[in-house]
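Enquirer: A structural model of the following input is requested.
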Amino acid sequence: RERMEANVAFLSVATSRMGSGRAVPRRCRSRRRRWEGVLGSLVLGLAARSSRAAQIEALSFSAPFTTLNSQGERQVGKSWRSSGSTTVHANFARLTPDRQSKKGAMWSTKSLGAAEVSVGLKFRISGQGKKYFGDGMALWLTDQRSYRSGDFHGATDKFKGIGVIIDTFKNAELLSYHKDITIVINEGESDQEELLTASLGCNGDVRYHEDRGDFSVSSASRVKFVVEPRFGEDPALLLSVFLDAANSGEYRECVAPTPLPASLDATWLARSYLGVSASTGQLADNHDVLALDVYSDKQVHNEVENELGDQPLFAPGEGVSTERFDRIEAALDQLLAKFEHLQHHLEHELVAVDDHVRTTIDKLAKQERSAEDRIETLELKLTESVTDSVTERVAALEIAMRDAVQKRVKAVEQTTLDKVHKTVGDHLKVSGRGWTWGFIFLVAVDVVAAVAVYKWYVKFKKSHLL
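Expert: The predicted model follows:
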(Lines give C-alpha, C1' and ligand atoms only; values in the text may rest on other atoms or scores of the structure.)
Protein backbone atom coordinates (compact mmCIF):
# COMPACT_ATOMS: atom_id res chain seq x y z
CA ARG A 1 0.00 0.00 0.00
CA GLU A 2 2.87 2.40 0.82
CA ARG A 3 4.38 1.71 -2.62
CA MET A 4 1.05 2.51 -4.28
CA GLU A 5 0.75 5.77 -2.37
CA ALA A 6 4.31 6.69 -3.37
CA ASN A 7 3.51 5.96 -7.03
CA VAL A 8 0.36 8.05 -6.82
CA ALA A 9 2.29 10.95 -5.31
CA PHE A 10 5.03 10.66 -7.94
CA LEU A 11 2.57 10.64 -10.84
CA SER A 12 0.67 13.56 -9.36
CA VAL A 13 3.88 15.60 -9.11
CA ALA A 14 4.85 14.61 -12.65
CA THR A 15 1.47 15.68 -13.96
CA SER A 16 1.63 19.01 -12.17
CA ARG A 17 5.13 19.65 -13.56
CA MET A 18 3.99 18.89 -17.07
CA GLY A 19 1.27 21.45 -16.71
CA SER A 20 3.65 24.12 -15.37
CA GLY A 21 6.22 26.17 -17.21
CA ARG A 22 6.08 28.63 -19.95
CA ALA A 23 4.58 28.60 -23.37
CA VAL A 24 4.55 25.27 -25.18
CA PRO A 25 4.49 24.90 -28.96
CA ARG A 26 1.18 23.91 -30.47
CA ARG A 27 2.59 20.64 -31.81
CA CYS A 28 3.42 19.60 -28.23
CA ARG A 29 0.13 20.68 -26.67
CA SER A 30 -1.90 17.74 -27.95
CA ARG A 31 0.86 15.35 -26.96
CA ARG A 32 0.95 16.89 -23.49
CA ARG A 33 -2.82 16.56 -23.14
CA ARG A 34 -2.59 12.89 -24.09
CA TRP A 35 0.11 12.29 -21.51
CA GLU A 36 -1.90 14.19 -18.89
CA GLY A 37 -4.87 11.94 -19.61
CA VAL A 38 -2.75 8.80 -19.37
CA LEU A 39 -1.11 9.91 -16.14
CA GLY A 40 -4.45 10.99 -14.70
CA SER A 41 -5.93 7.57 -15.47
CA LEU A 42 -2.93 5.92 -13.83
CA VAL A 43 -3.36 8.08 -10.74
CA LEU A 44 -7.05 7.20 -10.45
CA GLY A 45 -6.36 3.55 -11.16
CA LEU A 46 -3.66 3.29 -8.53
CA ALA A 47 -5.83 5.09 -5.99
CA ALA A 48 -8.74 2.74 -6.66
CA ARG A 49 -6.40 -0.23 -6.49
CA SER A 50 -5.12 0.98 -3.14
CA SER A 51 -8.71 1.23 -1.79
CA ARG A 52 -9.57 -2.24 -3.05
CA ALA A 53 -6.41 -3.65 -1.50
CA ALA A 54 -7.37 -2.17 1.88
CA GLN A 55 -10.96 -3.44 1.67
CA ILE A 56 -11.56 -7.05 2.70
CA GLU A 57 -14.03 -7.75 -0.10
CA ALA A 58 -14.81 -11.33 0.94
CA LEU A 59 -16.37 -10.04 4.17
CA SER A 60 -17.87 -6.80 2.84
CA PHE A 61 -21.31 -6.64 1.24
CA SER A 62 -23.88 -4.12 0.04
CA ALA A 63 -27.06 -4.12 -2.05
CA PRO A 64 -28.14 -5.38 -4.48
CA PHE A 65 -27.78 -8.91 -3.12
CA THR A 66 -27.72 -11.36 -6.02
CA THR A 67 -25.74 -14.30 -4.60
CA LEU A 68 -27.73 -17.54 -4.29
CA ASN A 69 -26.88 -20.60 -2.22
CA SER A 70 -27.37 -24.23 -3.29
CA GLN A 71 -31.05 -24.08 -2.26
CA GLY A 72 -31.68 -21.02 -4.41
CA GLU A 73 -31.93 -18.66 -1.42
CA ARG A 74 -30.43 -15.19 -1.48
CA GLN A 75 -27.23 -14.57 0.47
CA VAL A 76 -25.40 -11.31 1.15
CA GLY A 77 -22.18 -12.88 -0.11
CA LYS A 78 -20.38 -16.15 -0.78
CA SER A 79 -18.54 -15.91 2.53
CA TRP A 80 -21.70 -15.46 4.63
CA ARG A 81 -24.32 -17.89 5.93
CA SER A 82 -27.81 -17.01 7.17
CA SER A 83 -29.52 -18.66 10.15
CA GLY A 84 -32.81 -18.60 12.01
CA SER A 85 -35.48 -16.19 10.82
CA THR A 86 -33.10 -14.27 8.51
CA THR A 87 -34.43 -13.48 5.04
CA VAL A 88 -32.20 -11.81 2.45
CA HIS A 89 -33.96 -9.55 -0.06
CA ALA A 90 -32.51 -7.63 -2.99
CA ASN A 91 -31.83 -4.42 -1.05
CA PHE A 92 -31.62 -5.52 2.58
CA ALA A 93 -31.31 -8.56 4.83
CA ARG A 94 -33.98 -8.89 7.51
CA LEU A 95 -32.69 -10.70 10.60
CA THR A 96 -36.06 -10.69 12.38
CA PRO A 97 -39.51 -9.52 11.30
CA ASP A 98 -41.71 -7.41 13.57
CA ARG A 99 -42.98 -10.56 15.29
CA GLN A 100 -42.50 -12.07 18.74
CA SER A 101 -39.95 -14.76 19.67
CA LYS A 102 -37.71 -14.60 16.61
CA LYS A 103 -33.94 -15.08 16.24
CA GLY A 104 -31.86 -14.45 13.14
CA ALA A 105 -28.19 -14.12 12.27
CA MET A 106 -25.59 -13.94 9.52
CA TRP A 107 -22.10 -15.30 10.15
CA SER A 108 -18.94 -15.14 8.05
CA THR A 109 -17.30 -18.37 6.92
CA LYS A 110 -13.86 -16.79 6.46
CA SER A 111 -11.65 -15.37 9.16
CA LEU A 112 -10.48 -11.77 9.17
CA GLY A 113 -6.82 -12.40 8.33
CA ALA A 114 -5.68 -8.84 9.10
CA ALA A 115 -3.46 -7.14 11.68
CA GLU A 116 -5.99 -4.31 12.12
CA VAL A 117 -9.57 -3.79 11.04
CA SER A 118 -12.21 -1.09 10.53
CA VAL A 119 -15.78 -2.42 10.33
CA GLY A 120 -18.80 -0.28 9.42
CA LEU A 121 -22.36 -1.61 9.72
CA LYS A 122 -25.30 0.16 8.10
CA PHE A 123 -28.58 -1.00 9.61
CA ARG A 124 -32.22 -0.09 10.21
CA ILE A 125 -34.33 -0.97 13.27
CA SER A 126 -38.02 -0.12 12.79
CA GLY A 127 -41.48 -1.35 13.71
CA GLN A 128 -45.14 -0.64 14.34
CA GLY A 129 -44.78 -0.33 18.10
CA LYS A 130 -44.93 3.24 19.37
CA LYS A 131 -44.05 2.74 23.03
CA TYR A 132 -43.12 -0.91 23.40
CA PHE A 133 -40.53 -2.54 21.14
CA GLY A 134 -37.33 -4.59 21.23
CA ASP A 135 -35.05 -6.33 21.66
CA GLY A 136 -32.13 -5.23 19.47
CA MET A 137 -29.25 -6.52 17.36
CA ALA A 138 -25.49 -7.00 17.67
CA LEU A 139 -22.31 -6.93 15.59
CA TRP A 140 -19.78 -9.56 16.66
CA LEU A 141 -16.04 -10.11 16.20
CA THR A 142 -15.25 -13.44 17.87
CA ASP A 143 -13.24 -16.64 17.50
CA GLN A 144 -16.39 -18.66 16.70
CA ARG A 145 -16.29 -20.26 13.25
CA SER A 146 -20.08 -20.48 13.02
CA TYR A 147 -23.20 -18.98 14.53
CA ARG A 148 -24.26 -20.25 17.94
CA SER A 149 -27.80 -19.41 18.97
CA GLY A 150 -28.39 -17.95 22.42
CA ASP A 151 -30.30 -15.43 24.50
CA PHE A 152 -27.77 -12.60 24.15
CA HIS A 153 -29.48 -10.72 21.31
CA GLY A 154 -29.78 -13.94 19.35
CA ALA A 155 -26.27 -15.26 20.09
CA THR A 156 -24.51 -17.01 22.95
CA ASP A 157 -22.71 -15.06 25.67
CA LYS A 158 -19.91 -17.65 25.73
CA PHE A 159 -17.47 -16.16 23.24
CA LYS A 160 -13.99 -14.74 23.02
CA GLY A 161 -14.02 -11.36 21.37
CA ILE A 162 -16.00 -8.15 21.00
CA GLY A 163 -19.72 -7.45 20.77
CA VAL A 164 -21.23 -4.14 19.63
CA ILE A 165 -24.85 -4.35 20.81
CA ILE A 166 -27.59 -2.02 19.59
CA ASP A 167 -30.02 -2.40 22.49
CA THR A 168 -33.49 -0.87 21.96
CA PHE A 169 -35.17 -2.45 25.00
CA LYS A 170 -34.60 -0.95 28.44
CA ASN A 171 -34.75 -3.86 30.86
CA ALA A 172 -35.86 -2.65 34.29
CA GLU A 173 -33.56 -5.14 36.03
CA LEU A 174 -30.48 -3.84 34.16
CA LEU A 175 -31.54 -0.24 33.72
CA SER A 176 -28.49 1.12 35.55
CA TYR A 177 -26.23 -0.59 32.99
CA HIS A 178 -28.30 0.16 29.90
CA LYS A 179 -26.75 1.94 26.92
CA ASP A 180 -28.28 2.19 23.47
CA ILE A 181 -24.90 1.16 22.04
CA THR A 182 -23.33 -1.32 24.42
CA ILE A 183 -19.78 -2.63 23.95
CA VAL A 184 -18.92 -5.93 25.65
CA ILE A 185 -15.49 -7.55 25.74
CA ASN A 186 -15.26 -11.21 26.69
CA GLU A 187 -12.25 -13.48 27.12
CA GLY A 188 -14.56 -16.50 27.06
CA GLU A 189 -15.30 -16.74 30.78
CA SER A 190 -17.88 -14.04 31.60
CA ASP A 191 -21.66 -14.47 31.47
CA GLN A 192 -24.23 -11.97 30.24
CA GLU A 193 -24.73 -10.15 33.53
CA GLU A 194 -20.98 -9.77 34.10
CA LEU A 195 -20.51 -8.48 30.56
CA LEU A 196 -23.22 -5.85 30.92
CA THR A 197 -21.92 -4.76 34.29
CA ALA A 198 -18.47 -4.04 32.84
CA SER A 199 -19.71 -2.75 29.49
CA LEU A 200 -18.81 0.46 27.67
CA GLY A 201 -20.91 2.46 25.25
CA CYS A 202 -23.08 5.48 24.56
CA ASN A 203 -26.67 6.46 23.84
CA GLY A 204 -28.26 7.32 20.51
CA ASP A 205 -31.70 7.20 18.93
CA VAL A 206 -31.31 4.43 16.35
CA ARG A 207 -34.89 3.08 16.29
CA TYR A 208 -37.55 4.28 13.82
CA HIS A 209 -41.33 4.22 14.24
CA GLU A 210 -42.78 3.17 10.88
CA ASP A 211 -46.03 5.10 11.36
CA ARG A 212 -44.21 8.43 11.53
CA GLY A 213 -44.70 10.69 8.53
CA ASP A 214 -40.96 11.11 7.96
CA PHE A 215 -40.12 7.39 7.95
CA SER A 216 -38.89 5.85 4.69
CA VAL A 217 -36.42 3.25 3.47
CA SER A 218 -33.77 5.97 3.61
CA SER A 219 -34.08 5.91 7.40
CA ALA A 220 -30.99 4.10 8.65
CA SER A 221 -28.13 4.24 11.13
CA ARG A 222 -24.43 3.36 11.08
CA VAL A 223 -22.02 2.07 13.67
CA LYS A 224 -18.31 1.52 13.17
CA PHE A 225 -15.58 -0.02 15.30
CA VAL A 226 -11.83 0.01 14.79
CA VAL A 227 -9.33 -2.47 16.22
CA GLU A 228 -5.74 -1.36 15.70
CA PRO A 229 -2.35 -1.89 17.31
CA ARG A 230 -0.86 0.67 19.65
CA PHE A 231 2.01 2.81 18.53
CA GLY A 232 5.48 1.59 19.43
CA GLU A 233 6.40 -1.88 20.60
CA ASP A 234 3.31 -2.42 22.78
CA PRO A 235 1.56 -5.53 21.34
CA ALA A 236 -1.84 -4.63 22.84
CA LEU A 237 -4.74 -3.70 20.56
CA LEU A 238 -6.98 -0.65 20.88
CA LEU A 239 -10.76 -0.63 20.33
CA SER A 240 -12.65 2.49 19.20
CA VAL A 241 -16.38 2.76 18.41
CA PHE A 242 -18.22 5.46 16.44
CA LEU A 243 -21.94 6.12 15.86
CA ASP A 244 -23.89 7.86 13.10
CA ALA A 245 -27.43 7.49 14.45
CA ALA A 246 -29.24 9.24 11.57
CA ASN A 247 -26.96 8.11 8.70
CA SER A 248 -25.99 11.74 8.17
CA GLY A 249 -22.43 10.92 7.13
CA GLU A 250 -20.93 12.29 10.34
CA TYR A 251 -19.72 9.90 13.02
CA ARG A 252 -19.39 10.83 16.67
CA GLU A 253 -17.15 9.01 19.10
CA CYS A 254 -19.01 6.46 21.18
CA VAL A 255 -16.07 4.73 22.87
CA ALA A 256 -12.62 6.31 23.03
CA PRO A 257 -9.59 4.10 22.21
CA THR A 258 -9.64 1.38 24.86
CA PRO A 259 -6.96 -1.31 25.37
CA LEU A 260 -8.16 -4.86 24.85
CA PRO A 261 -7.15 -7.70 27.19
CA ALA A 262 -3.88 -9.46 26.47
CA SER A 263 -5.69 -12.58 25.24
CA LEU A 264 -7.32 -10.55 22.48
CA ASP A 265 -4.09 -9.99 20.59
CA ALA A 266 -3.04 -9.84 16.95
CA THR A 267 -3.26 -13.63 16.59
CA TRP A 268 -6.83 -13.61 17.88
CA LEU A 269 -7.73 -10.76 15.52
CA ALA A 270 -6.37 -12.49 12.42
CA ARG A 271 -8.34 -15.66 13.24
CA SER A 272 -11.59 -13.91 14.20
CA TYR A 273 -14.93 -14.09 12.40
CA LEU A 274 -17.59 -11.44 11.90
CA GLY A 275 -21.27 -11.95 12.64
CA VAL A 276 -24.56 -10.06 12.97
CA SER A 277 -27.50 -11.29 15.06
CA ALA A 278 -30.85 -10.04 16.36
CA SER A 279 -33.73 -11.29 18.49
CA THR A 280 -37.26 -10.43 19.61
CA GLY A 281 -39.12 -11.58 22.73
CA GLN A 282 -42.51 -10.45 23.97
CA LEU A 283 -41.72 -7.20 22.15
CA ALA A 284 -40.63 -7.05 18.52
CA ASP A 285 -39.13 -4.96 15.72
CA ASN A 286 -37.80 -5.31 12.19
CA HIS A 287 -33.99 -5.66 12.32
CA ASP A 288 -32.52 -5.00 8.87
CA VAL A 289 -28.90 -5.07 7.69
CA LEU A 290 -28.20 -2.82 4.70
CA ALA A 291 -24.42 -3.00 4.24
CA LEU A 292 -21.17 -4.03 5.91
CA ASP A 293 -17.79 -2.51 5.03
CA VAL A 294 -14.62 -4.22 6.26
CA TYR A 295 -11.21 -2.58 5.75
CA SER A 296 -7.73 -3.40 6.94
CA ASP A 297 -6.88 0.33 7.08
CA LYS A 298 -9.09 2.78 8.94
CA GLN A 299 -7.72 5.80 7.04
CA VAL A 300 -8.67 4.30 3.69
CA HIS A 301 -12.07 3.38 5.12
CA ASN A 302 -12.68 6.97 6.19
CA GLU A 303 -11.60 8.33 2.79
CA VAL A 304 -13.87 5.90 0.92
CA GLU A 305 -16.84 6.84 3.09
CA ASN A 306 -16.22 10.54 2.43
CA GLU A 307 -15.93 9.97 -1.30
CA LEU A 308 -19.07 7.83 -1.47
CA GLY A 309 -21.02 10.53 0.35
CA ASP A 310 -20.32 13.02 -2.44
CA GLN A 311 -20.37 10.59 -5.38
CA PRO A 312 -23.38 11.07 -7.69
CA LEU A 313 -25.32 8.12 -9.04
CA PHE A 314 -24.93 9.42 -12.60
CA ALA A 315 -21.34 10.59 -13.12
CA PRO A 316 -20.95 13.62 -15.47
CA GLY A 317 -19.28 12.80 -18.78
CA GLU A 318 -16.15 14.35 -20.22
CA GLY A 319 -15.88 16.07 -23.56
CA VAL A 320 -18.73 18.33 -24.59
CA SER A 321 -19.72 20.24 -21.47
CA THR A 322 -22.42 22.70 -22.40
CA GLU A 323 -24.94 24.03 -19.96
CA ARG A 324 -27.70 22.01 -21.57
CA PHE A 325 -25.90 18.69 -21.14
CA ASP A 326 -25.05 19.59 -17.56
CA ARG A 327 -28.73 20.13 -16.78
CA ILE A 328 -29.63 16.82 -18.45
CA GLU A 329 -27.00 14.94 -16.50
CA ALA A 330 -28.12 16.53 -13.23
CA ALA A 331 -31.73 15.64 -14.00
CA LEU A 332 -30.78 12.04 -14.83
CA ASP A 333 -28.87 11.80 -11.59
CA GLN A 334 -31.93 12.91 -9.63
CA LEU A 335 -34.16 10.48 -11.52
CA LEU A 336 -31.83 7.56 -10.85
CA ALA A 337 -31.65 8.45 -7.17
CA LYS A 338 -35.44 8.62 -6.93
CA PHE A 339 -35.82 5.38 -8.87
CA GLU A 340 -33.43 3.54 -6.55
CA HIS A 341 -35.20 4.99 -3.52
CA LEU A 342 -38.59 3.96 -4.94
CA GLN A 343 -37.37 0.44 -5.67
CA HIS A 344 -36.02 0.05 -2.17
CA HIS A 345 -39.17 1.55 -0.65
CA LEU A 346 -41.49 -0.71 -2.65
CA GLU A 347 -39.56 -3.80 -1.68
CA HIS A 348 -39.62 -2.79 1.97
CA GLU A 349 -43.37 -2.16 1.88
CA LEU A 350 -44.10 -5.38 -0.04
CA VAL A 351 -42.09 -7.40 2.44
CA ALA A 352 -44.04 -5.79 5.28
CA VAL A 353 -47.37 -6.51 3.54
CA ASP A 354 -46.35 -10.09 2.82
CA ASP A 355 -45.33 -10.55 6.42
CA HIS A 356 -48.64 -9.11 7.68
CA VAL A 357 -50.63 -11.31 5.28
CA ARG A 358 -48.76 -14.44 6.31
CA THR A 359 -49.20 -13.60 9.97
CA THR A 360 -52.92 -12.90 9.50
CA ILE A 361 -53.40 -16.17 7.61
CA ASP A 362 -51.57 -18.08 10.34
CA LYS A 363 -53.69 -16.41 13.02
CA LEU A 364 -56.93 -17.16 11.14
CA ALA A 365 -55.87 -20.76 10.62
CA LYS A 366 -55.08 -21.12 14.32
CA GLN A 367 -58.40 -19.51 15.27
CA GLU A 368 -60.24 -21.81 12.86
CA ARG A 369 -58.55 -24.88 14.31
CA SER A 370 -59.28 -23.62 17.82
CA ALA A 371 -62.95 -23.01 16.96
CA GLU A 372 -63.28 -26.46 15.41
CA ASP A 373 -61.71 -28.05 18.47
CA ARG A 374 -64.03 -26.12 20.79
CA ILE A 375 -67.12 -27.06 18.73
CA GLU A 376 -66.08 -30.71 18.72
CA THR A 377 -65.49 -30.59 22.46
CA LEU A 378 -68.90 -28.98 23.03
CA GLU A 379 -70.58 -31.60 20.86
CA LEU A 380 -68.94 -34.40 22.83
CA LYS A 381 -69.88 -32.82 26.13
CA LEU A 382 -73.45 -32.20 24.99
CA THR A 383 -73.83 -35.73 23.67
CA GLU A 384 -72.42 -37.20 26.84
CA SER A 385 -74.61 -34.95 28.97
CA VAL A 386 -77.81 -35.78 27.04
CA THR A 387 -76.99 -39.49 26.95
CA ASP A 388 -76.25 -39.60 30.65
CA SER A 389 -79.38 -37.61 31.47
CA VAL A 390 -81.69 -39.74 29.31
CA THR A 391 -80.17 -42.96 30.65
CA GLU A 392 -80.56 -41.82 34.22
CA ARG A 393 -84.14 -40.65 33.67
CA VAL A 394 -85.15 -43.87 31.88
CA ALA A 395 -83.57 -45.96 34.62
CA ALA A 396 -85.32 -43.93 37.31
CA LEU A 397 -88.61 -44.21 35.43
CA GLU A 398 -88.25 -47.97 35.08
CA ILE A 399 -87.58 -48.34 38.79
CA ALA A 400 -90.54 -46.12 39.66
CA MET A 401 -92.85 -47.98 37.28
CA ARG A 402 -91.68 -51.35 38.56
CA ASP A 403 -92.33 -50.32 42.13
CA ALA A 404 -95.74 -48.93 41.23
CA VAL A 405 -96.72 -52.06 39.31
CA GLN A 406 -95.54 -54.31 42.06
CA LYS A 407 -97.56 -52.34 44.59
CA ARG A 408 -100.65 -52.47 42.36
CA VAL A 409 -100.24 -56.19 41.74
CA LYS A 410 -99.82 -56.87 45.44
CA ALA A 411 -102.85 -54.76 46.20
CA VAL A 412 -104.98 -56.54 43.57
CA GLU A 413 -103.67 -59.89 44.66
CA GLN A 414 -104.46 -59.16 48.28
CA THR A 415 -107.94 -57.93 47.41
CA THR A 416 -108.64 -60.99 45.27
CA LEU A 417 -107.35 -63.34 47.95
CA ASP A 418 -109.51 -61.66 50.53
CA LYS A 419 -112.58 -62.03 48.34
CA VAL A 420 -111.74 -65.67 47.54
CA HIS A 421 -111.22 -66.51 51.19
CA LYS A 422 -114.51 -64.89 52.09
CA THR A 423 -116.36 -66.71 49.30
CA VAL A 424 -114.81 -70.07 50.20
CA GLY A 425 -115.61 -69.55 53.83
CA ASP A 426 -119.18 -68.80 53.02
CA HIS A 427 -119.47 -71.92 50.83
CA LEU A 428 -117.93 -74.09 53.50
CA LYS A 429 -120.36 -72.87 56.02
CA VAL A 430 -123.24 -73.64 53.63
CA SER A 431 -122.00 -76.93 52.17
CA GLY A 432 -120.54 -78.39 55.30
CA ARG A 433 -118.65 -81.43 54.26
CA GLY A 434 -118.74 -80.61 50.58
CA TRP A 435 -115.44 -78.84 50.66
CA THR A 436 -113.95 -80.47 47.57
CA TRP A 437 -115.87 -78.40 45.11
CA GLY A 438 -115.04 -75.29 47.05
CA PHE A 439 -111.36 -76.06 46.98
CA ILE A 440 -111.45 -76.60 43.23
CA PHE A 441 -113.33 -73.38 42.79
CA LEU A 442 -110.73 -71.52 44.90
CA VAL A 443 -107.87 -72.82 42.78
CA ALA A 444 -109.70 -71.86 39.59
CA VAL A 445 -110.31 -68.35 40.89
CA ASP A 446 -106.58 -67.98 41.79
CA VAL A 447 -105.53 -69.07 38.31
CA VAL A 448 -107.98 -66.72 36.62
CA ALA A 449 -106.86 -63.84 38.85
CA ALA A 450 -103.19 -64.52 38.18
CA VAL A 451 -103.72 -64.62 34.38
CA ALA A 452 -105.74 -61.42 34.50
CA VAL A 453 -103.10 -59.60 36.55
CA TYR A 454 -100.28 -60.77 34.24
CA LYS A 455 -102.12 -59.60 31.09
CA TRP A 456 -102.85 -56.26 32.72
CA TYR A 457 -99.15 -55.85 33.70
CA VAL A 458 -97.91 -56.58 30.15
CA LYS A 459 -100.40 -54.16 28.67
CA PHE A 460 -99.51 -51.49 31.21
CA LYS A 461 -95.76 -51.86 30.59
CA LYS A 462 -96.18 -51.56 26.81
CA SER A 463 -98.31 -48.45 27.06
CA HIS A 464 -96.18 -46.58 29.61
CA LEU A 465 -92.57 -47.71 29.11
CA LEU A 466 -92.21 -48.31 25.36
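Enquirer: ok, now which ones touch Val206?
Expert: Residues counted as contacts of Val206 (CB atoms under 8 Å, 6 or more residues apart in numbering) are Phe123, Ile125, Ile166, Thr168, Asp180, Ile181, Ser221, Leu243, Ala245. (Each C-beta comes from the backbone N, C-alpha and C, glycine too.)
Enquirer: Count the neighbours of the second one for me.
Expert: Burial of Ile125 is recorded as 23 neighbouring residues (other CB atoms under 10 Å).
Enquirer: Double-check that it belongs to a helix.
Expert: No: the assignment for Ile125 by DSSP: H, G, I helix; E, B strand; the rest coil gives strand, which leaves it out of any helix.
Enquirer: what is the rounded mean pLDDT of the helix or strand encompassing Leu308?
Expert: Under the criterion of DSSP states H and E, Leu308 resides in helix 298-310. In this model, helix 298-310 has a mean pLDDT of 85.
Enquirer: try stretch 120-128
Expert: Averaged over stretch 120-128, pLDDT sits at 96.
Enquirer: Show me which positions of it end up buried.
Expert: Of the residues in stretch 120-128, Gly120, Leu121, Lys122, Phe123, Arg124, Ile125, Ser126, Gly127 count as buried by neighbour count, 16 or more other CB atoms under 10 Å.
Enquirer: about what we covered before: centre of the chain to the helix holding Leu308, how far?
Expert: Mean C-alpha position of helix 298-310 versus that of the full chain (CA atoms, centre = their mean, to the nearest Å) differs by 33 Å.
Enquirer: helices or strands up against the helix or strand hosting Ala400?
Expert: In this assignment (DSSP H and E), Ala400 forms part of helix 323-431. Judged by 3 or more CB pairs under 8 Å, 6 or more residues apart in numbering; DSSP states H and E, the packing partners of helix 323-431 are helix 435-465.
Enquirer: Can you mark which positions in the helix it packs on are buried?
Expert: Going through helix 435-465 with 16+ other CB under 10 Å, the ones that come out buried are Gly438, Leu442, Val445, Ala449, Val453.
Enquirer: Between which two of those residues is the distance greatest?
Expert: Taking CB to CB as the measure, these reach their widest spread between Gly438 and Val453, a distance of 22.4 Å.
Enquirer: ok so, going back, if we only consider the buried residues of helix 435-465, which is nearest to Arg408?
Expert: Comparing these against Arg408 with CB to CB picks out Val453 as the nearest, at 8.8 Å.
Enquirer: Can you give me the distance of that closest one to Lys422?
Expert: 19 Å (CB to CB, to the nearest Å).
Enquirer: Below-threshold pLDDT in the stretch 151-300 of the chain: ranges please.
Expert: Scanning the stretch 151-300 of the chain for pLDDT under 70 picks out the ranges 232-233.
Enquirer: Look up how far Leu260 lies from the residue nearest the centre of the chain.
Expert: Central residue check for the chain by CA atoms, centre = their mean: the C-alpha nearest the mean position is that of Thr96, 2.7 Å away. Here the distance between Thr96 and Leu260 works out to 30 Å (CB to CB).
Enquirer: ditto for Ala404
Expert: Between Ala404 and Leu260 the computed distance is 99 Å (CB to CB).
Enquirer: what about those two, which has more around it?
Expert: With other CB under 10 Å as the criterion, Ala404 and Leu260 differ in neighbour count, and Leu260 comes out ahead with 18 against 12.
Enquirer: ok, for that one, nearest residue in space, not its chain neighbours?
Expert: Spatial nearest neighbour of Leu260, chain neighbours left out: Leu237 (4.7 Å); criterion: CB to CB, 6 or more residues apart in numbering.
Enquirer: just Val420 next, same as before
Expert: Nearest residue to Val420, sequence neighbours excluded (CB to CB, 6+ apart): Val445, at 5.0 Å.
Enquirer: State the distance from that neighbour to Gly84.
Expert: Counting by CB to CB, the gap from Val445 to Gly84 is 98 Å.
Enquirer: give the contact list for the residue nearest to Val420.
Expert: For Val445, the contacting residues are Thr416, Val420, Thr423, taking CB under 8 Å, 6+ apart as the criterion.
Enquirer: Make sure Val119 is actually in contact with Lys224.
Expert: Yes: in this structure, Val119 sits in contact with Lys224. The criterion is CB atoms under 8 Å, and the distance is 6.6 Å.
Enquirer: what helix or strand is Val227 on?
Expert: With elements delineated by DSSP H and E, Val227 resides in strand 221-229, which encompasses its position.
Enquirer: Would you pull up how far that strand lies from the middle of the chain?
Expert: Distance, stretch centre to chain centre, for strand 221-229: 26 Å (CA atoms, centre = their mean).
Enquirer: On the pLDDT front, check Leu313 for me.
Expert: Residue-level pLDDT assigned to Leu313 equals 59.
Enquirer: Much appreciated, bye for now.
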